[in-house]
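*Asks:* pasting the sequence and the predicted model now:
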Amino acid sequence: PADPQNVRYSCTGYVVSNATEQVAEGKTTTLSFPVVKGAGPYKVVWLWNVRQTRTRLGVSGPGTATVNGQAVSELWIPDTEDAVFAATPDAGKAFWTWFGADVPASVAQKSTFTIPANKPRTVTAIFVDPSAPAKTCTFKTTASGDFYDIANWEDALVPNPQDAVVIPGGACTALGRFACESLTMTGGSLSIAQMKDVAIAGDVTLSGGSVWTVTSVPTNGSATAYANGATHVAIGGNFVLADTATVKPVSDPWTGGSVVFTVAGDFTLGASAKFDAVSAGWGWVEYAGEHSPCALDWKTINGHTLQTMAIGFGYDYRGGGSYGGFGGNRSDEKFKYGFANAPVYPGSPSGATSYGASWNCYFGGGLIRIHVVGKATVAGTLDASTAETSSGASSGGGIWLTAGKFAFASTAILRAAGGDSSTVSGPALNSMGGGGRIAIGTGLTAAQISQLAQTGVCGRRVRGEDEFRMDFPGVTVPNVSGGTDR
């Protein structure tokens with residue numbers, strides 16, 4: 001096999017024959033048979049059974065785990081069968097999550113789940129001690145890897161949900177489930193993915209050059225699902241970004257599922273800090289078959305089938321992506337989508353015209369959605385625009401920020417601009433990306449925010465952009481020539 005460390009075929013025996021008859025057979029992996037002069041030449045055929053894949057099973061914390069009923073560190077399973085994982089915590093302890101790159105978010109928090117053994121997998125069962133005294137856990141500045149790997153933490157202390165987490169450096173990745181008492185980052189990076197809910201009971205404070213990336217799980221494509229959001233980050237205290245700290249919410253490029261932040265306290269975005277959702281929206285993804293029935297458009301380029309579920313997709317290099325405003329060479333109203341008062345969708349890609357590493361320029365702007373109970377003080381940048389390109393440009397994304405009250409500094413920048421395609425020559429190829437949507441809401445109840453997300457209206461007065469600029473002079477809200485509807 002191409003990957004002998006993770007895929008194998010077991011030998012079940014052999015058959016030996018010459019030109020006229022079968023002369024030997026067996027069920028061993030070695031053979032010996034008499035060679036008769038003049039009876040050759042001989043042909044040996046080795047017999048192999050079905051393809052098997054290697055499943056590795058790990059355990060972290062107080063508990064045990066099995067795969068297909070066996071408490072083993074690895075198991076070879078025929079790829080026509082299923083792998084059944086089961087986790088059992090020790091007395092007084094709790095199962096927390098399954099961890100692994102191939103663990104679906106829908107089953108990560110189930111103590112037992114079944115998945116086809118059609119490819120190699122590495123899965124770890126994570127257990128916690130909910131009664132342990134709260135402690136502070138510090139990620140090693142030299143570490144790069146899993147949140148649940150004990151080797152990555154100072155004093156070998158992996159966080160329980162009641163613990164404070166400190167990341168002064170390094171590169172930490174969390175898959176499956178994430179919860180802690182508080183999160184403090186003074187450097188390094190934290191990447192969270194494959195989970196529907198992120199729970200931080202207290203404050204979140206990012207400073208230095210720290211970067212926190214949250215990648216959304218897919219959604220089912222219904223209007224209610226977009227209104228509710230796909231991945232929820234619940235912060236029970238204050239949320240502070242200082243210095244050059246950055247938060248990157250990334251939408252699912254296929255379904256457009258997006259991240260929603262809720263803050264029970266205050267939100268503060270420093271002058272040099274940023275929420276960065278540039279080119280983090282809908283895109284074109286490759287599909288193994290002809291195309292998915294969910295796709296709104298698809299095409300085959302260089303033997304690869306690309307497809308998108310984006311509502312405002314561009315058709316090729318001559319058509320920019322649309323959202324709040326039309327992309328270049330688009331005029332059909334169906335390509336403009338979403339609510340001006342409640343952006344719940346990311347931006348749409350331009351038309352796919354090539355297959356390769358340059359795809360990033362075909363992603364629409366992402367979605368920055370933050371609901372703050374207390375006061376939001378914004379001095380930095382909220383950027384849901386899209387990258388510039390020399391061919392068709394994608395649309396800007398969405399920014400939806402609500403709070404009990406606001407304070408905007410003159411250094412604040414809110415941007416959801418469509419991409420520029422100025423290097424394309426000739427007016428017929430004027431394929432810039434349409435602008436996204438930006439909405440600011442204040443004094444709204446949770447019920448009104450929910451109604452806005454579902455319908456775009458909630459009975460409250462809508463103030464225009466001119467009034468916003470009068471109330472908060474100096475705030476930069478760039479226009480885009482593709483058109484922006486706020």
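*Replies:* Nice, thanks for sending it over.
*Asks:* could I get the contacting residues of Asp466?
*Replies:* Applying CB atoms under 8 Å, 6 or more residues apart in numbering, we find Asp466 in contact with no residue. Heads up, the C-betas are built off the backbone N, CA and C, glycines and all.
*Asks:* surely Val278 is within a helix?
*Replies:* No - assigned with DSSP: H, G, I helix; E, B strand; the rest coil, Val278 falls outside any helix and is coil.
*Asks:* wait, it touches Ala387, no?
*Replies:* Yes - judged on CB atoms under 8 Å, Val278 makes contact with Ala387 at a distance of 6.5 Å.
*Asks:* of those two, who's got more company?
*Replies:* Neighbours per residue (other CB atoms under 10 Å) separate Val278 from Ala387, with Val278 holding more: 21 against 16.
*Asks:* phi and psi next, for the more buried one.
*Replies:* Here is the backbone geometry of Val278 (degrees, to the nearest 10): phi -70, psi 130.
*Asks:* just Ala151 next, same as before
*Replies:* phi -70, psi -20.
*Asks:* pLDDT weak spots in the stretch 301-450 of the chain?
*Replies:* The stretch 301-450 of the chain contains residues with pLDDT under 70 at 316-318, 331, 352-361, 388-391, 421-430.
*Asks:* tell me where it has helices.
*Replies:* Assigned by DSSP state H, counting those that start in this stretch, the helices in the stretch 301-450 of the chain fall at 446-455.
*Asks:* ranges for the strands of it?
*Replies:* Ranges of strands in the stretch 301-450 of the chain, per DSSP state E, counting those that start in this stretch, are 304-308, 367-372, 375-378, 381-383, 398-403, 405-408, 413-415, 437-442.
*Asks:* turn the ones you listed into a markdown table, columns for mean neighbour count.
*Replies:* Converted to a markdown table, those look like this (neighbours: other CB atoms under 10 Å):
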| stretch | mean neighbour count |
| --- | --- |
| strand 304-308 | 22 |
| strand 367-372 | 27 |
| strand 375-378 | 22 |
| strand 381-383 | 22 |
| strand 398-403 | 26 |
| strand 405-408 | 16 |
| strand 413-415 | 21 |
| strand 437-442 | 22 |
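*Asks:* so which of those is nearest Val214?
*Replies:* strand 367-372 (11.2 Å; CB to CB).
*Asks:* okay, Ser191: pLDDT?
*Replies:* On the pLDDT scale, Ser191 is placed at 97.
*Asks:* that one pairs with what?
*Replies:* Following DSSP bridges, Ser191 is listed with bridge partners Thr173, Thr213.
*Asks:* list the buried ones in the longest strand seen in the chain?
*Replies:* Secondary structure of the chain per DSSP state E: the longest strand is strand 43-60. By neighbour count with 16 or more other CB atoms under 10 Å, strand 43-60 contains the buried residues Gln52, Thr53, Arg54, Thr55, Arg56, Leu57, Gly58, Val59, Ser60.
*Asks:* give me the residue at the spatial middle of the chain.
*Replies:* Thr215 (2.8 Å; CA atoms, centre = their mean).
*Asks:* residues in contact with that one?
*Replies:* Contact analysis of Thr215 by CB under 8 Å, 6+ apart lists Ser191, Ile192, Ala193, Gln194, Thr231, Val250, Asp252, Val259.
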